[in-house]
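pasted the sequence and its predicted model underneath.
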Amino acid sequence: MNDREVVQSIIVGTVTALRRGEDQEAVMLWTKLVAASDETARDSVRELAIANVEMLFSLVGSSETGGGDVLVVGGEDLEGQPISIDDVEPAQRAATRIMLAYVHGSAEDAELQLDLVASQSEEMRVVFVHMLCWAVGLLDLCYEEGSAIPPWLRPVLAGGA
């Protein structure tokens with residue numbers, strides 16, 4: 001297995017554990033990813049972001065990033081009022097901007113956002129958690145809708161769909 005496949009395999013194990021309610025196992029695997037090295041944590045965020053974008057496009061029936069489709073993010077505060085992405089906490093803002101960069105076909109912008117959080121290990125961990133939570137939700141939604149998911153994530157569904 002190459003490094004990318006190892007990262008993907010650990011992510012699959014983490015997501016599977018979360019979906020089964022095996023929180024301790026999920027935390028152990030998550031810790032393995034984000035504590036291994038800054039580069040492994042960064043690779044993990046990148047893999048999840050790309051997978052999340054693939055699932056988003058699968059759900060809306062598009063097969064390419066940057067291909068004319070427009071995706072916007074709308075956030076609300078506790079009272080239901082619209083808020084700017086600049087007003088959300090920094091890790092969620094970074095995670096959102098990483099995914100939006102991939103959605104719009106700009107891997108360079110995604111890497112810039114990763115650069116901004118890479119210098120802060122704790123921030124990278126929180127960005128990873130956001131990506132992981134979104135992946136769990138998107139996997140379930142893709143499963144319910146019959147939409148495609150990235151091939152490397154398919155074992156998650158076999159592990160407790």
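Alright, I've got the coordinates. Numbering: from 1, shown residues only.

which non-adjacent residue is nearest the residue nearest the centre of the chain?
Centroid check for the chain by CA atoms, centre = their mean gives Met131 as the closest residue, at 2.9 Å. The spatially closest residue to Met131, leaving aside those adjacent along the chain, is Leu48, at 3.8 Å (CB to CB, 6 or more residues apart in numbering). Where C-beta positions appear, they are placed from N, C-alpha and C, glycine not excepted.

correct me, but that neighbour touches His130?
No: using CB atoms under 8 Å, Leu48 is not in contact with His130; the gap is 9.0 Å.

count of neighbours near Thr96?
Applying other CB atoms under 10 Å, we find 18 residues neighbouring Thr96.

where is the longest helix in the chain?
helix 121-145 (DSSP state H).

ok now whichever helix or strand comes after it, how far from the chain's centre?
Per DSSP states H and E, the first helix or strand lying C-terminal to helix 121-145 is helix 154-158. Relative to its chain's centre, helix 154-158 lies at 16 Å (CA atoms, centre = their mean, to the nearest Å).

do the same with stretch 11-19
Distance of stretch 11-19 from the chain centroid (CA atoms, centre = their mean) equals 13 Å.

please apply the same query to stretch 37-53.
Using CA atoms, centre = their mean, the mean C-alpha position of stretch 37-53 is found 7 Å from that of the whole chain.

likewise for stretch 113-128?
Distance of stretch 113-128 from its chain centroid, counting by CA atoms, centre = their mean, is 13 Å.

what do you get for stretch 13-21?
On CA atoms, centre = their mean, the centre of stretch 13-21 falls 15 Å from the chain's centre.

check stretch 98-109 too.
With CA atoms, centre = their mean, you get 13 Å for stretch 98-109.

list the buried ones in it?
Of the residues in stretch 98-109, Ile98, Met99, Leu100, Ala101, Tyr102, Val103, His104 count as buried by neighbour count, 16 or more other CB atoms under 10 Å.

do stretch 125-145 as well
125-132, 134-136, 138-139, 142.

quick check: the farthest pair among those?
Across those, the longest distance by CB to CB is 25.6 Å; it joins Arg125 and Cys142.
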